[in-house]
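Engineer: Next input, structure requested:
(one chain, ligands or ions: 2)
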Amino acid sequence: MKILLKGGTVVSGQGTAAADVLVDGETIAAVGADLDAAADKVVDCTGKLLFPGFIDGHTHFDLEVANTITADDFATGSRAALRGGTTMVVDFSAPDKGDTLHDGLRRWHEKADGKCVCDYSFHMTVDDWNEGISREIGEMVEEGIPTFKMYTIYPAMMLPEKEMFFALQRMKEVGGLTGIHCENCGVISALIEEAKAAGKMSPASHPRTRPNQLEAEAVSHVLRMAEVVDTPVIIVHLSTKEALDEVRAARARGQTVYVETCPHYLLLDDSVYDAPEFIEAAKYICSPPLRTVADQEALWLALASGEIQTVATDHCSFTLEQKRMGQSDFTKIPGGMPGVESRGVLLYTAGVAAGRITLEDMCRVLSENPAKLYGCWPRKGVIAPGSDADIVVYDPDKDSVITAADQLQNVDYNPYEGYQTKGSIAQVYLRGQLAVENGAVQEGCSGAFIRRGPCTL
Ligand code: MN
Ligand code: MN
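Structural biologist: Numbering: from 1, shown residues only. Ligands and ions are numbered 1, 2, ... in the order given. Model prediction:
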């Protein structure tokens, strides 16, 4: 089946061009002005922007955490992703302590295979250290899982410093790359203990026990460790201007550091935690917490300057009922928010249409850079001959409103309720198949597990 997308503007990280796109089967056959090709179907894309399918490098579907399980599994989460223009997700496989990495990988395949309607892969969480895991890190890279995750916080997840150092050395040896959740564990525990002793049990204590400095400290700590190992790392969900300064300092020393932030750190701020009603504040509990307007501005500037490479969602959704588990204790509120469905329209509206970033920046942070960072470039992340025909057709003139009532995310609230978008997604193609039309996910979409190679960013 050949489809000709005619008359649109093709966006890449380097520029925009008026060009037609010929799709043949699962891949792109040609891109050029006034393509005169025979096609089974011609789609008029006049006035539309054509982006390479967005890649979300940070989701948590079907995850058991905080004595519950995320509201979205791979079926609901991936449908929401597709609807929002995300044609590939990289979720986090988290083996239980004592399990092998292969046990974790098998479990995540069981969760995703046959259920995930967009393309997918997994990062592998390393939260334990022994000879077997060290060996398996090399095997994972060979099996197309070249990216890993480590934590400096959460006793169940964090690796002690010595083990984290060995793990980073091993990454360097086998060409693996690690994303790290950076928050200072010890001081946050102390602040939580103090807040509880003072009877301050409401959600307002969440940001107060996790101040900016404690993200920056952990980023600095990890980057100094990476400097000694001499290996690049990814700082995931970076949220503060102070942490950005630590990244800048490391780069000035000559280190390679990749940075991810999330839409909620760009669009929402910590004033939401002062809402008088518990649930209104609990909706927004995530870690790191939402920050100040000044932090938002610093992050937007860093996106525009190229200091932040990618925007992922950290989609980790819970219903309001689940959030109520922390009614009398803010530390028992499951942390995380839905977001996989709205990343593209939010970046376009608050970024491109607001003049904070360019179309090229948007393409880089949502498509091109994650494809390179996560080792699937140029199969993904670009509209070019030979690449997978993952294409988002964006209509900049059809404004919309984000509401929970309208979403596919399996939750009963939306953090951006009532938000007016500039433009909306008209169509999404997944490897050549029409996956979304006018907001409706089409029947018969089927995601493929994507084997990944080394980082090329
Ligand atoms: Mn995290
Ligand atoms: Mn996460």
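
Engineer: Run the chain-centre distance for stretch 426-433.
Structural biologist: 20 Å (Cα atoms, centre = their mean, to the nearest Å).

Engineer: ugh, wrong one, stretch 280-296
Structural biologist: Averaging C-alpha positions (Cα atoms, centre = their mean) puts stretch 280-296 17 Å from its chain's average.

Engineer: Show the average pLDDT along that stretch.
Structural biologist: For stretch 280-296, mean pLDDT is 98.

Engineer: Ok, stretch 433-453 next?
Structural biologist: 96.

Engineer: cool, and stretch 21-32?
Structural biologist: Rounded mean pLDDT across stretch 21-32 is 98.

Engineer: Mind listing what's buried along it?
Structural biologist: For stretch 21-32, the neighbour count (16 or more other Cβ atoms under 10 Å) marks 21-24, 27-29, 31 as buried. C-beta here means a position set from N, CA and C on the backbone, and glycine is covered the same way.

Engineer: From these, which land in strands?
Structural biologist: Among those, DSSP state E puts 21-24, 27-29, 31 in strands.

Engineer: would CSV of the residues you listed with distance to Q213 be doable?
Structural biologist: Converted to CSV, these look like this (distance: Cβ to Cβ, whole Å):
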residue, distance to Q213
V21, 48
L22, 53
V23, 50
D24, 54
T27, 48
I28, 47
A29, 53
V31, 48
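
Engineer: can you count the residues close to V228?
Structural biologist: Neighbour count for V228, taken as other Cβ atoms under 10 Å: 10.

Engineer: neighbours of L301, just the number please.
Structural biologist: 15.

Engineer: Same question for it, what's its three-state structure.
Structural biologist: Secondary structure state of L301, per DSSP: H, G, I helix; E, B strand; the rest coil, is helix.

Engineer: and if you look at A216?
Structural biologist: Note that with three-state DSSP, the state of A216 is helix.

Engineer: how close does the nearest residue to it once chain neighbours are set aside sit to L63?
Structural biologist: Closest residue in space to A216, ignoring its immediate chain neighbours: E242 at 3.7 Å, by Cβ to Cβ, 6 or more residues apart in numbering. As judged by Cβ to Cβ, to the nearest Å, E242 and L63 stand 29 Å apart.

Engineer: cool, and C286?
Structural biologist: C286 is 14 Å from L63, by Cβ to Cβ.

Engineer: Quick test: name the residue nearest the centre of the protein.
Structural biologist: Centroid-nearest residue in the chain: A312, 2.3 Å away (criterion: Cα atoms, centre = their mean).

Engineer: That one touches H264, doesn't it?
Structural biologist: No - look at A312 against H264 with Cβ atoms under 8 Å: they stay out of range, at 11.0 Å.

Engineer: for the stretch 51-200 of the chain, what spans make up the helices?
Structural biologist: Taking DSSP state H, counting those that start in this stretch as the test, the helices found in the stretch 51-200 of the chain are 74-83, 101-112, 131-142, 161-174, 185-197.
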